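# kindly generate the corresponding structure for this input.
(one chain, ligands or ions: 1)
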Amino acid sequence: MTAILEVDELSSGYGPVPVLRDVTFEVPTGTVTAILGANGAGKTTLLRTLSGLLRPTTGRVRFDGEDLRGVPVERLVRRGLAHVPEGRGVVAELTVEENLRLGGLWRRDRADARRAQDEVYQLFDPLARRRRHAGHQLSGGERQMLALGRALIARPRLLLLDEPSLGLAPRVSGQIMTLLRQLCDGSGLTVLLVEQNVRSALGIADQGVVMSLGRVVMATPAAQLRDDEQLRHAYLGF
Ligand code: ATP
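Residues are numbered from 1 along each chain as shown. Predicted coordinates for the structure are as follows:
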């Protein structure tokens, strides 16, 4: 299976403060990879480095075979990499429709951007019903749907998702997980998922990457983490 993302000996941090240390793993195309680990392990920092928001100090990231060093964020988006950050980034003053349009602003093919918007409304029924509501009027689940929908309008090939189920009712978070799995199976999307809810992430993941103190301590098929109680105790604490 080809890897859409190859991360090789990657280190990064904030100014002089190192966080990631020699992080190495691969993400096969069309799969879900869950990044797991305790608070402060470096999961968010990893996503920020992969999406170009933080500059690596050493190491290499290849996206679809291309070395990402020095590639501007805008070009990464055009190449098909989308990042939905923690906190979701929905613009509270804009309506659902306006937020979604932001996701398609840079698209040259206006007709396809509109088609993608209709698809998002089909995927997320509550958004279709509330398209003229402002971001601040939405529930937590609806805001998460909107953030995800806005990213999908760019028709990404690789989606980096930070804590998509944070603060959501288990039923809504379950729906979002199921949808992510369907998108991977149906349209070849690849998902890299940071998730505190380890059980629900492992429920849809193909691969689990366990981080501790800025390092990868294990990258293994998710089934192994689901089935092997000793492994779960040792690395995930449950
Ligand atoms: P969490 O689940 O709590 O978000 P995480 O695994 O995503 O944890 P990070 O947010 O990547 O971990 O944080 C890793 C380390 O980097 C922590 O020690 C944190 O204090 C530090 N850190 C995070 N953001 C910054 C920042 N903007 N400036 C300096 N240090 C930071």
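# phi first, then psi, for the nearest residue to residue 79 once chain neighbours are set aside.
The shortest distance from residue 79 to any non-neighbouring residue, by Cβ to Cβ, 6 or more residues apart in numbering, is to residue 63 (6.5 Å). All C-beta spots, glycine's among them, are computed from the backbone N, C-alpha and C. The phi/psi pair for residue 63 (degrees, to the nearest 10) reads phi -110, psi 120.
# any idea how far residue 205 is from residue 63?
Distance, residue 63 to residue 205, using Cβ to Cβ, to the nearest Å: 20 Å.
# what about the residue nearest to residue 79, how many residues nearby?
Residue 63 sits with 23 neighbouring residues when counted by other Cβ atoms under 10 Å.
# was I right about it contacting residue 78?
No - Residue 63 lies out of contact with residue 78 (Cβ atoms under 8 Å); the separation is 11.6 Å.
# residue 91 and residue 121, how far apart?
Counting by Cβ to Cβ, the gap from residue 91 to residue 121 is 18 Å.
# neighbour count: those two, which is higher?
Taking other Cβ under 10 Å, residue 91 and residue 121 do not tie; residue 121 has more neighbours (17 against 14).
# got a list of what the more buried one touches?
For residue 121, the contacting residues are 127, 128, 131, by Cβ atoms under 8 Å, 6 or more residues apart in numbering.
# and it, which helix or strand is it part of?
Using DSSP states H and E, residue 121 sits in helix 110-123.
# cool, residue 46 as well?
In this structure, residue 46 sits in helix 43-50 according to DSSP H and E.
# run through who's touching that helix.
Outside helix 43-50, the residues that reach it (Cβ under 8 Å, 6+ apart) are 5, 7, 10, 12-14, 19-20, 23, 35-37, 54-56, 61, 81, 83, 85-86, 160, 162, 192, 194, 211, 214.
# try stretch 187-201
By Cβ under 8 Å, 6+ apart, stretch 187-201 touches 4-5, 27-36, 43-44, 46-47, 50, 86, 156-166, 170, 173-174, 177, 180, 183-184, 205, 208, 236, 238.
# which parts of it are buried?
Of all the residues in stretch 187-201, those buried under the rule 16 or more other Cβ atoms under 10 Å are 189, 190, 191, 192, 193, 194, 195, 197, 198, 200, 201.
# those: which two are farthest apart?
For the buried residues of stretch 187-201, the farthest-apart pair by Cβ to Cβ is 189 and 198; their separation is 21.8 Å.
# tell me the pLDDT of the residue lying closest to residue 120 once chain neighbours are set aside.
Closest residue to residue 120 apart from its sequence neighbours, by Cβ to Cβ, 6+ apart: residue 149 at 3.8 Å. Looking at residue 149, its pLDDT reads 92.
# neighbours around residue 149, how many?
Using other Cβ under 10 Å, the number of residues around residue 149 comes to 24.
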